[in-house]
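Engineer: how would this look folded up:
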Amino acid sequence: MSWPVPTWRQAQLEAILELSLALGGPREENELVEELVNRAVGLLDARRGLVVALTPEGLVSSWAAVQWQGQPQEFFRAFRSRFAEDAVQVFPGAELGLPYRQVMVAPGSWQGQWVLLVAVADRETREGEGDFTSDDATFLRSLSLLAASALASSRALETEKRKRQALEEENRSLREELPDFVAESPAMLRALELARRVAPLEVSVLVRGESGTGKEKVARLLHDLSPRAEKPFVPINCAAVPESLLEAELFGIERGVATGVEARIGKLEVAHGGTLFLDEVGDLSLNLQAKLLRVLQERTLERVGGRREIPVDVRLVAATHRNLEDMLERGEFRKDLYYRLRVVELRLPPLRERPEDIPVLVRYFLQRLGRKLGKGEVRLSREAWQLFLRYDFPGNVRELEHLVEASLALASGDEVTAEDVLLAMGSGAGRLAASGTLEEVVREHVLRTLERCGGRKREAARALGVDRTTLYRMLKRWGAT
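Structural biologist: A predicted model of the protein is given here:
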């Protein structure tokens, strides 16, 4: 003869079964915690409940509550100091300073360590208030142990996801050019020496310099020479990501924040243990500045749409070409964040302040890019050298590299001529300094091109790669209009 199972007992068994099934598939931590507290309160007829998930360091990582008063962190600390054993505890709420008649708490352990607490308070009956029974304690204990196992599985999955994303980021970084600095100028050598000195120190560094001076290369150098070198180096350009997306890109986002949105780990989590490079940090909004400051102070973050605190350990290297001091005066940049970022300031001089670096950089790019383009050994003609040495280079080293590459691509043999360089410069040829032999080289090339085009200035300007205004200005200077 089989005895009928009471309805409440059947509901409890179904809840345990559903939690067991949850172990077979991935569950987000906040979802699991929310479901757990609702089931515990509903199936035990409690008026209120609380579930606190804990990090391996014993900190509250996430929580969910139903009609619970007070801070979850304070409750956990008070409970841990009062009860150390791994068993269900039933006690008057006053013992922990809670305004509840009776509280029942079940720690959930995994591999000998607490990973969560499940608490319910003030059981309701048809007659009013009642006491929790030994069956209730057994049921709550089962819930906590099953949830602890599910939480551990969820965290292991998230850890693997973070490692995979960090590995992808690291592979992307490794595929890019490793930091290589070619410099002879005292200004640049001083900057590199300072970078090498501060690299092993756990301090934030603010890299100042114009676009194209090598700020990200310096950030990579700081990372590679630091104790964090084996961990990820994660760059993000704050000016290149729309503000509406930048918060999620930095801090991550929880699933369900909007329709179709999946959970995603942010750059701060990806850089855990390593270095985060914030390029163009001056473009951060005041709202994101405040959130970044909190991460630096608390060493935890909350994803967009999330409530749990996620520990992060990153070294921050920031860079900007903007005048942050002027932004401070205008209230566009937070002073507290400014001083957090600018523990050490490292300024990279523009190329126009270190012209002695141009020849060594040109030779370096000729060799490296020549191999890349299958050119072998390539040399510059005397006139081509003069063009490089007289050029303005507002784009700094990045523009110099692109100009060498374009000149190599245009060269027909093993020598880059002045004509190749002028074609590569295009409209930028108007920034050439006029003096002596160089002026003659440019004049001869332009006039020969104009003659080849039958005197048609529009066609000649197109062939030279310059705009008509630049061509007219050159011809006027030479009296050839």
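
Engineer: who touches residue 57 in this structure?
Structural biologist: For residue 57, the contact set (Cβ atoms under 8 Å, 6 or more residues apart in numbering) comprises residue 311. From N, CA and C alone the C-beta is placed, and that goes for glycine too.

Engineer: my guess is it is in a strand, correct?
Structural biologist: No: judged by DSSP: H, G, I helix; E, B strand; the rest coil, residue 57 forms no part of a strand; its state is coil.

Engineer: if I look at it, how far off is residue 311?
Structural biologist: Separation of residue 57 from residue 311 (Cβ to Cβ, to the nearest Å) stands at 7 Å.

Engineer: do the same with residue 413
Structural biologist: 60 Å.

Engineer: more crowded one of the two?
Structural biologist: residue 311 (15 against 10; other Cβ atoms under 10 Å).

Engineer: Not counting sequence-adjacent ones, nearest residue to that one?
Structural biologist: Ranked by Cβ to Cβ, 6 or more residues apart in numbering and with sequence neighbours excluded, the top spatial neighbour of residue 311 is residue 300, at 5.5 Å.

Engineer: Now do the phi/psi pair for that neighbour.
Structural biologist: Note on residue 300: backbone dihedrals following degrees, to the nearest 10 are phi -140, psi 160.

Engineer: Show me where this structure dips below the pLDDT cut-off.
Structural biologist: Along the chain, the model assigns pLDDT under 70 to residues 1-13, 15-16, 18-26, 166-180, 256-261, 427-442, 445, 463-466, 481.

Engineer: quick one, longest helix in it?
Structural biologist: helix 134-175 (DSSP state H).

Engineer: sorry, back to before: need the contact list for the residue nearest to residue 311.
Structural biologist: Going by Cβ under 8 Å, 6+ apart, residue 300 touches 309-312.

Engineer: Next step: those residues restricted to strands.
Structural biologist: With strands taken from DSSP state E, the overlap with the contacts of residue 300 comprises 310-311.

Engineer: Narrow the contacts of residue 300 to those that are buried.
Structural biologist: 309-310, 312 (16 or more other Cβ atoms under 10 Å).

Engineer: would you turn these into a markdown table with distance to residue 320?
Structural biologist: Listed next are the buried ones among the contacts of residue 300 as a markdown table, based on distance: Cβ to Cβ, whole Å:
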| residue | distance to residue 320 |
| --- | --- |
| 309 | 29 |
| 310 | 27 |
| 312 | 22 |
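
Engineer: Looking at the residues you listed, which is nearest residue 220?
Structural biologist: The closest of the buried ones among the contacts of residue 300 to residue 220 turns out to be residue 312 (Cβ to Cβ; 20.3 Å).

Engineer: any idea how far that closest one is from residue 341?
Structural biologist: Counting by Cβ to Cβ - residue 312 and residue 341 are separated by 16 Å.

Engineer: and what of residue 197?
Structural biologist: In this view, residue 197 and residue 341 are 18 Å apart by Cβ to Cβ.

Engineer: cool, and residue 385?
Structural biologist: Counting by Cβ to Cβ - residue 385 and residue 341 are separated by 41 Å.

Engineer: who's more crowded, the two?
Structural biologist: Neighbours were counted for residue 385 and for residue 341 using other Cβ under 10 Å; residue 341 has more, 26 against 18.

Engineer: correct me, but the more buried one touches residue 319?
Structural biologist: No: counting by Cβ atoms under 8 Å, residue 341 does not reach residue 319; the two are 9.7 Å apart.

Engineer: Mutual contacts of those two, please.
Structural biologist: 206, 281.

Engineer: which stretches of the stretch 201-350 of the chain form strands?
Structural biologist: In the stretch 201-350 of the chain, the segments counted as strands under DSSP state E, counting those that start in this stretch are 205-208, 233-237, 275-279, 300-301, 310-311, 315-320, 344-347.

Engineer: any chance of the ones you listed in TSV, plus distance to residue 330?
Structural biologist: Converted to TSV, the strands of the stretch 201-350 of the chain look like this (distance: least, Cβ to Cβ, whole Å):
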stretch	distance to residue 330
strand 205-208	18
strand 233-237	23
strand 275-279	20
strand 300-301	28
strand 310-311	33
strand 315-320	15
strand 344-347	20
